[in-house]
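K.L.:
Okay, here's the prediction I keep looking at, along with the sequence it came from:
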Amino acid sequence: MLKDRFGRTIDYMRVSITDRCNLRCAYCMPDGIAPAPAEALLTGGEIAFVCRQAASLGIDRFKLTGGEPLVRPDCAKLVAALKGIGGVRQVTLTTNGVLLRARLDELLDAGLDAVNVSLDTTDRAQYRAITGVDALEAVMASIRAAAGRLPVKINCVAQDGVNADAPLSLAALARELPVDVRFIEMMPVGAGKRRKTVPNADILATIERAYGRTVPDDRAHGNGPAVYRRAEGFLGGIGFISAVSGGFCRDCNRLRLMSTGELKPCLCYADAIPLRDILRGAEGDRERRVREKIIQAVRSKPEAHCFEHPDVVTEDREMARIGG
């Protein structure tokens, strides 16, 4: 079992498999950002190697992210490879949903346990303005196809002056479908530093004015820091990830592996531990060296992030590079 300096058990890794994306959301992958050279990205075999070492140390849950992981042709093969690692309990995926419907069957065949779909609005014009692409219909079709076949969460980043009306229409999806809809406060990372955070307390108040009082939902919904509430008559739950206004670092259980092979102990800070040279060096004691780096990353985790003080945040890379 992996524990950090503060006694937290680290058993979850977010694994970015690409920094490429088929959308251009301004807070994540704004126009003009250049992707890393293809040779800088970890191969499927290298990703699986790191995950095997992580699993041998006690990490038993993995989330594949991007960029957009489904633009990578071997995404389902990676799911299957990670599911085949001894001791792994869960492999999940975060996607923008554009390609999800077309690849849903192969992902399910590979053993995918759950999926998160990033969706900031249900208004077609607003969606195009946010993402730069007219793909809302494809995303909605993907959500409906996946709902009921595996657990689905919808993630919305509230953006002041951009999608202020989105929470009500998105919450309505949790009333209609067996999906959880979650609202994530804008984090001051990358382009997010230039955007105003909408407090989740304001969003909850808006939802309750429209749909009535909600009650706490303490059931386990996933591996992250979301706090859930349930509204009467809703098939799904409403979740809140209050990265700025709420403190949840005492329960942090994760590391992040970037698509270029760096391990990040914390999203807030630029610190990262490189693995790629080890992975591409002489075989010898590669397993031991990667395990040592994973342990180093765990031991270097800070006690807490500092999102409430944006000037102290040292991570300047865009979310698409980091993996969210």
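P.N.:
Received the coordinates, thanks.

K.L.:
Which residue ranges of the stretch 201-324 of the chain form strands?
P.N.:
Remark: strands assigned in the stretch 201-324 of the chain by DSSP state E, counting those that start in this stretch are 214-217, 227-231, 238-241, 254-257, 262-264, 273-274.

K.L.:
just how off-centre is the second one within its chain?
P.N.:
Which is strand 227-231. 20 Å (CA atoms, centre = their mean, to the nearest Å).

K.L.:
Neighbouring strands - and their directions - for it?
P.N.:
strand 214-217 (antiparallel), strand 238-241 (antiparallel) (DSSP bridges).

K.L.:
Quick one, which of those strands gets closest to Pro151.
P.N.:
strand 238-241 (12.3 Å; CB to CB). Every C-beta, even on glycine, is put in place using the N, C-alpha and C of the backbone.

K.L.:
Which residues are in contact with the nearest residue in space to Arg24 that is not next to it in sequence?
P.N.:
Nearest residue to Arg24 in three dimensions, chain neighbours excluded: Gly132, at 3.9 Å (CB to CB, 6 or more residues apart in numbering). Each residue near Gly132 by CB atoms under 8 Å, 6 or more residues apart in numbering is listed here: 23-25, 31.

K.L.:
Name the SS class of Phe49, please.
P.N.:
Here Phe49 is helix, with the state taken from DSSP: H, G, I helix; E, B strand; the rest coil.

K.L.:
And it, how far from Thr94?
P.N.:
Using CB to CB, to the nearest Å, Phe49 is found at 22 Å from Thr94.

K.L.:
Could you do Asp74 as well?
P.N.:
17 Å.

K.L.:
shaky segments in this protein?
P.N.:
161, 188-195, 245-246, 306-312, 315, 324 (pLDDT under 70).

K.L.:
residue boundaries of the helices in it?
P.N.:
44-57, 75-83, 100-110, 124-131, 136-146, 166-176, 200-211, 276-279, 286-299, 319-322 (DSSP state H).

K.L.:
now the first one, how far from the centre of its chain.
P.N.:
From the chain centre to the centre of helix 44-57 is a distance of 19 Å (CA atoms, centre = their mean).

K.L.:
Go through it and flag the buried ones.
P.N.:
Neighbour-count burial for helix 44-57, with 16 or more other CB atoms under 10 Å as criterion, is recorded at 46-55, 57.

K.L.:
Considering those residues, which is situated nearest to Ser259?
P.N.:
Nearest member of those to Ser259, counting by CB to CB, is Ile47, at 8.7 Å.

K.L.:
quick one: the closest one from Val91, how far?
P.N.:
12 Å.

K.L.:
Leu263 too?
P.N.:
Counting by CB to CB - Leu263 and Val91 are separated by 18 Å.

K.L.:
And for Val139?
P.N.:
22 Å.

K.L.:
tally of neighbours for Glu68?
P.N.:
25 (other CB atoms under 10 Å).

K.L.:
I misspoke; the intended subject was Leu107.
P.N.:
23.

K.L.:
How many neighbouring residues does the closest residue to it other than its chain neighbours have?
P.N.:
Of all residues not flanking Leu107 in the chain, Ala76 sits nearest, at 5.3 Å (CB to CB, 6+ apart). Number of residues near Ala76 (other CB under 10 Å) recorded here: 22.
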